[in-house]
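S.K.: Build the 3D model from these lines:
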Amino acid sequence: MSHSRLKPAPGLADAEVLLGLGFGHARFRPHQVPIIRAMLRGDDVLAVLPTGAGKSLCYQIPACLGQGVTLVISPLISLMEDQVQGLRMRGISAAALTSVTDPARRRRITAALLAGRYRLLYVSPERLETRSFLGLVQRLPVERVAVDEAHCISDWGHDFRPAYRRISRFVAEIGSPPTAAFTATATPATRTDIETCLGLRRPSRFVSSVDRPNLRWEAEQLPSFGTAVRLSMEALRRTLRQHPDSAAVLYLLTRARAVRTAEALRRLGVSAAPYHAGLPGDLRRRLQEDFRAGRCRAVCATSAFGMGIDHARIRLVCHIGIPGALEAYVQGAGRAGRDGEPARCLLMGLPEDRWLHQRLTRGQWPCGRSVATVWRAIPAAGSLPIQVLPRNLTGVMDRETVEAALRVLEERGWVRRTVAGSSRDSRVAAARLQRVLPPPSTTLELRRHLRRGRRRALRRLTAMQRYLEAGSCRREVIARYFGERAPVCGGCDNCRV
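M.R.: All right, here's what the predicted structure looks like:
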C-alpha cells in the first residue's frame, strides 16, 4: 500500500473536535491535554489527578480516535456500567464484561468485539485471570490498556486488590500494548509501586497537586459515637438548608453504624440510605442511581461507596471515625465539590478508632502461622475449589482470616488461582486453588513480609491520627504527606479562613 494513502495518526486537533462533538465539552481541563497527547503517541502513562479532574476522558478520547480496542481495567461493576452507559448515550461503542453479564449478552459482546464494533471494553482485574478471556483478547487488536483506580495495585495505598498486581502478566501475554494507569491519590511510594507492578516502560508521568482550593477541611476528636452523629446531623441540616439541591456522604467504619446513622436521619425527615458491601448488588446500584438523581439526599456508607460516583453537587462529606490512611481520607473527602463550588470535609475522630483499625490490620496481615495453615490446607498436587477452603478450616480459623491468608499467598506467588470457565469472575465458585511449592526460605521471608505490611499499616494510621490532632494548617499536613509544597490555605478550621 502506498504511504500516501495511509490514514495519518490522530492528533490533538482530532481530540478537540471529538471533545465538542462527542462529549459536549467546550475545552479540555488543564491536565488532560498533555496526557491525551502522550497516549496518542503510544507512551506508557502514569496519571495522578484529583477527583473530578476528568481522568476518564484521558483514555476514552484516544480510544475513540483509534482503530482497535482499549481495554479498561476497573474495580467495580457499578463503575463500569455507569461509564458504558454514559458512552453509549453519546453514541460511542463500549461494553463491559462482568460477573453479572448474562450468557446471551456475553455472546453478543464477544461477536461484536471480534467484528471490530467496540472501541472500549471494561473488565475487572479478576476477569483477566480466566483462560477463555485471555483467548478472546489475544484475537483482538488491543491498542492500549487503561488501568483505572490504579492505587488498588499497591499495598502501600488503600483499597488493595491483589489481582491488580497480576495485570502486568496478562498485558505481556497479549503483546505488551501501551499501558496507562490512573488514580486520584498516590504518595511517591505508591506511585513507584504502581509503575513497578504494571511494568510501565519509561512512562510519561503526570502528577497534579492533591490540593482542592474549594474544599474546607475540618477535624475534631469527639468523646463518643453518639456525639459525632448528633454533630454530623447538625452539619447536614445546615448544608441542605443552604443548598437545597445538594447532597451529602457520611462515611462510617462499620456496616452497623452506617445502618444506625441512616435510620436516625430518616427519623429527622432526611431521605437517607445505608450503603455497604453486604447489600445485594442490584440494591447498591439502585441506591447509587437514587443518589445521583436526587431521590436520596444523604448516603451513610462504609468505604464500599465512592469509586466513580459522579455527583457534582455533594456539598458535605463527613467521616465519623478516622480512615486507616490519609490517602483513603483525601480520596473520600475529595468527592465533595466536584463542580468547583465550595464544600465541607469533616472528620470526627472517636476514642475506639485505633482499636478498630488494629483489628482490621490483624485481619489484613494475619500471623505467619495462619498463612502457613491455609497453605497446608491446599493440596500439594492437583487443585482445590476455592469455596471448599473455608469449609475445610471451619473451627480452625474464621473466614476473614482464611481470605486474608489466601490473599497473602496469592500475592507472593505461593498459591495460584485458576478459572476454567468464562461465566464468572475468579472470586466466585468457578475458581480453583493450586499450591506452588515455595523456596526453602519461605518461612523467614513470609514473616518479614507480614511484619512489613503491619508496620506500613501502623505508619499510615499514625499519619491519619496526626492529621486529626494537627494544630497547624490542615492543607499543609495533606500536601507534605503527598510530597508536595504547602499551598496557601484557602480554608481550614485551624487557619480560620
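S.K.: residues in contact with the one helix or strand residue 71 maps to?
M.R.: Assigned by DSSP states H and E, residue 71 falls within strand 69-73. Under the criterion CB atoms under 8 Å, 6 or more residues apart in numbering, residues 59, 62-63, 80, 83, 113, 118-125, 128, 137, 140-148, 164, 167 lie in contact with strand 69-73. C-beta coordinates here come from the backbone N, C-alpha and C atoms, glycine included.
S.K.: For the stretch 101-250 of the chain, give me the ranges with low pLDDT.
M.R.: For the stretch 101-250 of the chain, the stretches flagged by pLDDT under 70 are 155-160.
S.K.: Got the phi and psi for residue 205?
M.R.: When read as degrees, to the nearest 10, the backbone of residue 205 gives phi -110, psi 130.
S.K.: Which residue comes closest to it once chain neighbours are left out?
M.R.: residue 46 (5.0 Å; CB to CB, 6 or more residues apart in numbering).
S.K.: Which parts of the stretch 351-497 of the chain are helices?
M.R.: 353-364, 368-377, 388-392, 399-412, 442-469, 474-481 (DSSP state H, counting those that start in this stretch).
S.K.: and residue 245, which of the ones you listed is closest to it?
M.R.: Nearest to residue 245, of all these, is helix 474-481, at 27.5 Å by CB to CB.
S.K.: ok, back up a step: give me the helices and strands touching whichever strand or helix holds the residue nearest to residue 205, please.
M.R.: Element membership for residue 46 (DSSP H and E) is strand 45-48. If you count contacts as 3 or more CB pairs under 8 Å, 6 or more residues apart in numbering; DSSP states H and E, strand 45-48 packs onto helix 32-41, strand 179-183, helix 188-198, strand 204-207.
S.K.: Residues contacting the third one, please?
M.R.: Residues from elsewhere that reach helix 188-198 (CB under 8 Å, 6+ apart): 46, 48, 147, 150-151, 153-157, 164-165, 167-168, 171, 179, 181, 183, 186, 200, 203, 205, 207, 327, 482-483.
S.K.: Give me the distance between the residue nearest to residue 175 when sequence neighbours are not counted and residue 120.
M.R.: Nearest-residue entry for residue 175: residue 142, 7.3 Å, with adjacent residues in sequence omitted and distances by CB to CB, 6+ apart. Shown here: residue 142 relative to residue 120, a distance of 11 Å by CB to CB, to the nearest Å.
S.K.: repeat for residue 457
M.R.: Distance from residue 457 to residue 120, by CB to CB: 35 Å.
S.K.: do the same with residue 186
M.R.: Distance of residue 186 to residue 120, computed by CB to CB: 24 Å.
S.K.: Pick out whichever of those two has more residues nearby.
M.R.: Higher neighbour count among residue 186 and residue 120: residue 186, with 27 against 22, using other CB atoms under 10 Å.
S.K.: Hmm, that one is touching residue 48, no?
M.R.: Yes. Look at residue 186 against residue 48 with CB atoms under 8 Å: they come within range, at 5.0 Å.
S.K.: what do those two both touch?
M.R.: residue 207.
S.K.: ok, residue 384 - contacts?
M.R.: 377, 378, 432, 433, 434 are the contacts of residue 384 under CB under 8 Å, 6+ apart.
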